[in-house]
Each structure stands twice: as C-alpha cells, then as structure tokens.
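Asks: Here's my sequence, what's the structure:
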Amino acid sequence: MNKKTFWLFIELKTRSLLRKKRLRKNWIKRLMSRLSNLVFALTILTCIFTVMHELLQLKGPVSLHTKILAGEITSDNEIPVIAEAKQFRLLAMKREAQIMQEREIEHYAEKFSVNAGLARLIYDISVDEKLEPDLIFNIIREESRFKPNAVGKAGEIGLMQLKYGTALCIDPGGTPKKLFDPAYNIRIGIKHLKDHLHFYRGDTRLALLAYNRGRGRINHLLSSGVNPANGYATRVLGDNL
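Replies: Residues are numbered from 1 along each chain as shown. You can find the predicted model right below:
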C-alpha cells in the first residue's frame, strides 16, 4: 500500500467514525426527547387524575368528621356547651339592656326633678306605646309640672291634663277618678296624642298644637290661612322642633 492510498484509507475511516458518532448522538437526542415528552405526558395525566379525583370527592358523600370540622354539624358533646354559651349571651344582652334602661330612667328623673317611680312609669308606658319618652316627659312638664292631682281651669285632670269627655272618646269606661291615676292618665294621654299624630300624618308640631288647643280649632285656623302656633309646641319640643 503506497503512501497516497494509505492517507485515503485513513480519511475514509475517519469520516466513517465521525458519521457513526453523529448518528449515535442523534439517536441519544431522539431518545431523550421522547423520554421528555413521556414525562410531560405523565405529568399532565397525573394532574388530570388529581382534579377528577377531587371533583368526585366533592360530589360524593361527605364524612361526618368533615362536616363537624366545617361547622355544618355539631358533635353531641358540644351541643350542651354551645346551648349554655348562647343562654349566657342572651342573659348578658338582656342585662345590658336593663342597665341602659335604668340609666335612661335615672337621667329623666334627674333632668325633670321627679322621683324614680314616676320617671319609670312615664318611661315604660312611653316605650310600650312606641313614643319617645323625652316627648312625653316634656308634655307632662308643660301640662302639670308632674303633679298627678293637678286640675286645670277648664276641668283638665291629672298629669297630662285630660278632659273627661276626651278620655271617654278613648275609653268609654273611663271615669274622672281614673284620670287621677298616673298610669291610666299617661296611657290615655298618649293615645290621645297618637290620634292627633295619625290625623296629621306624623307632624309632631301640629299634633301637639291640637293636643293643646283642640283639633277643631287648629283645623279652622289652618283653613283660614292663620298660623296656629301659640308657643306650646316650641316649649315642648325645644331644640327638636
């Protein structure tokens, strides 16, 4: 083998080896690519399976333990404790309301210089009749200065200075003697005022003027274009007018 032939052989051999090496590298790349695709596909399938499993779990029956933890069901041993806690909370709220009420009554007793018993009576009846106690306290101060036995020049009786005829319109069984009873007088007086409030569609100023001067008189003045104000509503309502 001459020198030229030898180098040609070497070159061909080298090219062959390089070609084989390149083929081996390409095969490894293809294999790695396929493995990568397979791993990606398995990951996707795992995620899909997990989601489907969770959805099926949600649609399926929920265990009692899970419901208890979620607060949907209370375990038997917790029921008495919760019931007792609710009872204590209701009692605490009731007591708080009572304390606030006592403070309000004390405030009215001090503000209008009346005894606690009368202040409580006026407050309780006002609340029961769904009117502001402050309004009724001011009316009684203006009408009788909190004197249950007060009698007006026109025969008005008691704390809220009611005429016997007016009381009969509200309570057919009423008597002049009953009007001297503070609780009865306050109740009838408030009902009389509420009747005026209803007639004047909640206008407190006109209702108070009608209480003081009579509805007929107020309506006559209004129809004549005359302002029926005489200072009574201003004295009762003060800054609330």
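Asks: buried set for the helix or strand harbouring Lys178?
Replies: Lys178 is part of helix 176-179 when elements are defined by DSSP states H and E. Neighbour counts over helix 176-179 (16 or more other C-beta atoms under 10 Å) mark 178-179 as buried. (Glycine included, C-beta is placed from N, CA and C.)
Asks: Next SSE downstream of it?
Replies: Helix 176-179 is succeeded, C-terminally, by helix 182-199 (DSSP H and E).
Asks: for that next one, packing partners?
Replies: Counting contacts by 3 or more C-beta pairs under 8 Å, 6 or more residues apart in numbering; DSSP states H and E, helix 182-199 packs against helix 116-128, helix 133-144, helix 164-170, helix 176-179, helix 204-213.
Asks: Looking at those, which is nearest to Asp195?
Replies: With C-beta to C-beta, the closest approach to Asp195 among these belongs to helix 164-170: 7.7 Å.
Asks: for the record, mean pLDDT for the closest one?
Replies: Helix 164-170 comes out with an average pLDDT of 95.
Asks: what's the weakest-modelled helix or strand in this protein?
Replies: Using mean pLDDT, DSSP states H and E, helix 64-70 stands out as the lowest-scoring helix or strand of the chain, at a mean of 55.
Asks: Starting from that one, tell me the next helix or strand along the chain.
Replies: Scanning forward in sequence from helix 64-70 by DSSP H and E, the next helix or strand is helix 79-111.
Asks: Now do that next one and helix 133-144, the angle between them.
Replies: If you take axes from the mean of the first three to the mean of the last three C-alpha atoms, to 10 degrees, helix 79-111 sits at 30 degrees to helix 133-144.
Asks: Can you list the buried residues in helix 79-111?
Replies: Buried, per 16+ other C-beta under 10 Å, within helix 79-111: 104-105, 108-109.
Asks: cool, and stretch 203-218?
Replies: So stretch 203-218, judged by 16+ other C-beta under 10 Å, has buried residues 204-212, 215, 218.
Asks: what sits up against that stretch?
Replies: 135, 139, 192-193, 196-197, 199-200, 228-230, 232-233, 236-237, 241 (C-beta atoms under 8 Å, 6 or more residues apart in numbering).
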